[in-house]
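**Student:** Predicted model and sequence follow; I will ask about them next.
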Amino acid sequence: MPWNREHESIVPFSILPPSAQRTPSPATLKMLRRSLQTKVLAARGRQGVQSSWSRALSSSAASGEYDYVIVGGGSAGCVLANRLSADPNNKVLVVECGPSDVGKWDSTRIHMPAARAYNLADDRYNWDYYTEPQKNLDGRRIPWPRGRVLGGSSSINAMVYNRGHAFDYDDWEKAGAKGWSYADCLPYFKKSTTHDLGEDEYRGGSGPMHITRKTQAKAQPLFQAFIDAGVQAGYPEAVDMNGYQQEGLGWMDMTIHKGKRWSAAAGYLHPVMGRKNLTAITDTFVNKVIFEGKKAVGIEVEDNKSKAVSQIRTAKAVILSSGAINTPQLLMLSGVGDAEHLKEVGIPLVHHLPAIGKNMEDHLGTYLHFECKKPITLYNATWRFPHKMVAIALEWLTSQTGPGSSSQIESGGFIRTAPGKSHPDLQYHFLPASIDEGLHVRAGHVMTGHCSTMRATSRGYIKLRSKNPREYPILEPNYLDTHEDIVDIRNGVKLTREIFKQKAFDEFRGEALSPSDSAQTDEEIDAWVRQNAGTVYHPSCTARMGVDENTAVDTETRVHGMEGLRIVDASIMPNIVSGNLNGPVIMMAEKAADIILGNPALPKSNAPVYQAKNWETSQR
């Protein structure tokens, strides 16, 4: 939900957004702005943001022909740009619609983990999508922020690094994505990461993405209280949710390195922008893919500033890495999609491929709020306490330490909601603050348990509103369209309440705020869910990988029936995974790069995977 840009641009380093918060006086704001600008400019060198890297970027359309044209400078696009350009014989271009993630004084806040709420709501870095009114969510239009900046959503997300469950990838292979089982994918998860706890069977030790854990363990006791409460409720403690055992509650892995957000741009693109065979252009909108027959030969682009339109040609492939919304939209605008729908909006058909835009999946979640009796939450870091907030910002700017160096979602976990669930279908994110789906904050000290269902059975779609490339598409996730989904999220609310009632929270827990204790019946809980549930920011599966008529790409990421056209992003997931999507998308791009380059796949892993022995008969 966007807020006043005037306030946002003055002091951009808040832990939480300024909506519903008291604003300091104009004189105070002016003083704080001058102080922050000085600190930002002084600190930029210490953060490793090189001016030469900024100069390597172009804000206008490139010319000439490239071997590979990558549409989208997000998570997958950054990986592909790095790996494909590692061969000096490949001339590679990556095209990003949004700006660079470095270069302006206030872009520094992208790299401050605690400022994530600002980045989510800033339309300079965010597409700011909204769904259609949701019939099962009281007619609400749900905000769908998506990254529109180098690094894509990895530059604006909550920095939680989770891979999903091993069984998710085995299910991919069973669904027809041969070569994408967990044993096939785990080596690429390892290849992409360097974990601060060191390498093992599951963790990487030399990859571009830095992963860390427990940065605020000593400073914030509520994180450990949540884990302890889960154990007291009968769930296991998960020592490594990306390792042998996902199931249970524990400390989350984060894409944070030395106190800074570690986006895909930071990990993959920044270090290689000096390569002569790699070009990245920003602030450039792609209108369509250019075809000769059914072969992709280039793209038509428009400079966002000058509005100049030009064409860029490719010798080998156009690779769409624009995400689960923009990739199917661009394909349909280019004449690839369901023939009947394209006819409705007046777009000439290039190739009938009805799977484009269909089978949309997302994770749906709810925020449960509880009063905290001790004054230890992030309420102290809001605009009501501007000098404390600025002290946090200045500490981060000078040393990248303190509360500003964390996204403040450090503990969470995965549980099963009912007997018969083969692996966890409910995810938790714990926050020592009050925040909800609309990024609103509540006055006072509040702690939040966010629960989200992992494998919904409802399916949605994306359609064009018109043939105008700039008009946002129809986004219809169809949340809670099945009885099973309603039951699952209702059970999630009940189980979350149970965790917060455990002894570990006794010294902290006050009144149940939302939902209140008065909501007890299934009908009352369902009504609360309809009023409050929202996205977990994981749209996917809109151009599925597989071999049947309900898929769009084959197991080598090539679009069915087309030549020189590939897709590598969350849209090709055969089914959504049981966890956050950024890590899986980076893994997919690593694996796709080997496929595109003709490299042999990494050897399969034989690492074991945990499954609860009593999963068929017991919920925990």
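**Tutor:** Now that the structure is in, tell me what you want to look at.

**Student:** For residue 394, what are phi and psi?
**Tutor:** With angles defined as degrees, to the nearest 10, residue 394 sits at phi -70, psi -40.

**Student:** so what's it scoring on pLDDT?
**Tutor:** Residue 394 carries a pLDDT value of 92.

**Student:** burial measure for it, as a count.
**Tutor:** 18 (other C-beta atoms under 10 Å). Every C-beta, even on glycine, is put in place using the N, C-alpha and C of the backbone.

**Student:** That one and residue 528, how far apart?
**Tutor:** Separation of residue 394 from residue 528 (C-beta to C-beta, to the nearest Å) stands at 40 Å.

**Student:** Point out where the chain drops to low pLDDT.
**Tutor:** 1-63, 105-106, 436-441 (pLDDT under 70).

**Student:** run the last query once more with 80
**Tutor:** 1-64, 104-106, 121, 382-384, 435-443 (pLDDT under 80).

**Student:** In the stretch 201-350 of the chain, what residue spans correspond to helices?
**Tutor:** 221-232, 264, 323-333, 339-345 (DSSP state H, counting those that start in this stretch).

**Student:** Could you point out which of those helices sits nearest residue 522?
**Tutor:** helix 221-232 (23.6 Å; C-beta to C-beta).

**Student:** Wait, a strand at residue 413?
**Tutor:** Yes - under DSSP: H, G, I helix; E, B strand; the rest coil, residue 413 sits within a strand.

**Student:** Not counting sequence-adjacent ones, nearest residue to it?
**Tutor:** residue 249 (3.3 Å; C-beta to C-beta, 6 or more residues apart in numbering).

**Student:** dump the residue contacts of the one you found.
**Tutor:** When contacts are counted by C-beta atoms under 8 Å, 6 or more residues apart in numbering, residue 249 touches 226-227, 230-231, 235-238, 411-413, 415, 428.

**Student:** Repeat that for residue 554.
**Tutor:** So residue 554 contacts 545-547, 560 (C-beta under 8 Å, 6+ apart).

**Student:** Which one, of the helices of the stretch 201-350 of the chain, ends up nearest to residue 605?
**Tutor:** Among those, helix 264 sits nearest to residue 605 (C-beta to C-beta), with 22.8 Å.

**Student:** What is the closest one packed up against?
**Tutor:** In this structure, helix 264 packs against helix 75-85, with contacts taken as 3 or more C-beta pairs under 8 Å, 6 or more residues apart in numbering; DSSP states H and E.

**Student:** in its sheet, what does whatever helix or strand comes next after the helix it packs on sit against?
**Tutor:** Downstream of helix 75-85, the next assigned helix or strand under DSSP states H and E is strand 92-95. Next to strand 92-95 in the sheet, as set by DSSP bridges, lie strand 65-71 (parallel), strand 278-281 (parallel).

**Student:** Is it possible to get a markdown table of these that adds mean neighbour count?
**Tutor:** Shown next, in a markdown table, are the strands paired with strand 92-95 (neighbours: other C-beta atoms under 10 Å):
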| stretch | mean neighbour count |
| --- | --- |
| strand 65-71 | 23 |
| strand 278-281 | 22 |
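
**Student:** So which of those strands is nearest residue 487?
**Tutor:** strand 65-71 (39.8 Å).

**Student:** how big is the angle separating the closest one from helix 75-85?
**Tutor:** Compare the direction of strand 65-71 with that of helix 75-85 by axes from the mean of the first three to the mean of the last three C-alpha atoms, to 10 degrees and you get 160 degrees.

**Student:** What angle do helix 323-333 and strand 65-71 make with each other?
**Tutor:** Going by the same axes, to 10 degrees, strand 65-71 makes 120 degrees with helix 323-333.

**Student:** who touches strand 65-71?
**Tutor:** For strand 65-71, contacts defined as C-beta under 8 Å, 6+ apart pick out 77, 80-81, 84, 89-95, 279, 286, 289, 298-299, 312-322, 327, 330, 596.

**Student:** Would you mind listing which of the residues you listed are buried?
**Tutor:** Neighbour counting by 16 or more other C-beta atoms under 10 Å classes 77, 80-81, 84, 90-95, 279, 286, 289, 298-299, 312, 314, 316-322, 327, 330, 596 among those as buried.

**Student:** Narrow the contacts of residue 554 to those that are buried.
**Tutor:** 545-546, 560.

**Student:** Which one of the residues you listed is nearest to residue 579?
**Tutor:** Once C-beta to C-beta is applied, the member of the buried ones among the contacts of residue 554 that ends up nearest residue 579 is residue 545, at 18.3 Å.

**Student:** On the strand side of things, show who the closest one bridges to.
**Tutor:** Residues in beta-bridge contact with residue 545 (DSSP bridges): residue 553.

**Student:** For residue 78, see how far away it is.
**Tutor:** Taking C-beta to C-beta, one finds residue 545 at 20 Å from residue 78.

**Student:** Identify, by residue count, the longest strand of this structure.
**Tutor:** If you go by DSSP state E, the chain has its longest strand at strand 309-320.

**Student:** Tell me which other helices or strands that one touches.
**Tutor:** strand 65-71, strand 284-292, strand 295-303, helix 323-333, strand 565-567.

**Student:** part of a strand, is residue 462?
**Tutor:** Yes - when three-state DSSP is applied, residue 462 is found to be in a strand.

**Student:** shouldn't it be in contact with residue 357?
**Tutor:** Yes - here residue 462 lies in contact with residue 357, judged by C-beta atoms under 8 Å, at a distance of 4.1 Å.

**Student:** Comparing these two, which shows the higher neighbour count?
**Tutor:** Higher neighbour count among residue 462 and residue 357: residue 357, with 30 against 25, using other C-beta under 10 Å.

**Student:** For that one, give its distance to residue 363.
**Tutor:** As judged by C-beta to C-beta, residue 357 and residue 363 stand 19 Å apart.

**Student:** And for residue 545?
**Tutor:** From residue 545 to residue 363 the distance is 19 Å (C-beta to C-beta).

**Student:** Let me see the residues that make contact with the longest strand of the chain.
**Tutor:** 61-72, 77, 80, 90, 93, 95, 287, 289-290, 296-303, 327, 330-331, 557, 564-569, 596.

**Student:** Then stretch 164-175?
**Tutor:** By C-beta under 8 Å, 6+ apart, the list of residues contacting stretch 164-175 reads 179-182, 184-186, 246, 414, 422-424, 545-546, 573-575, 577-580, 584, 609, 611.

**Student:** if we go to 7 Å?
**Tutor:** 180-182, 185, 246, 422-424, 546, 574-575, 577-579, 584, 609 (C-beta atoms under 7 Å, 6 or more residues apart in numbering).

**Student:** Narrow those residues to those that are buried.
**Tutor:** 180-182, 185, 246, 423-424, 546, 574-575, 577-579, 584, 609.

**Student:** Just the closest of the residues you listed to residue 308, please.
**Tutor:** Looking across those and measuring by C-beta to C-beta, the closest to residue 308 is residue 584, at 36.7 Å.

**Student:** Tell me the secondary structure of that closest one, please.
**Tutor:** Remark: residue 584 carries the secondary structure label helix [criterion: three-state DSSP].

**Student:** for the closest residue to residue 280 other than its chain neighbours, what are its contacts?
**Tutor:** Computed as C-beta to C-beta, 6+ apart, the closest residue to residue 280 that is not its neighbour in sequence is residue 94, at 4.8 Å. Residue 94 makes contacts with 70, 73, 77, 81, 280, as judged by C-beta under 7 Å, 6+ apart.
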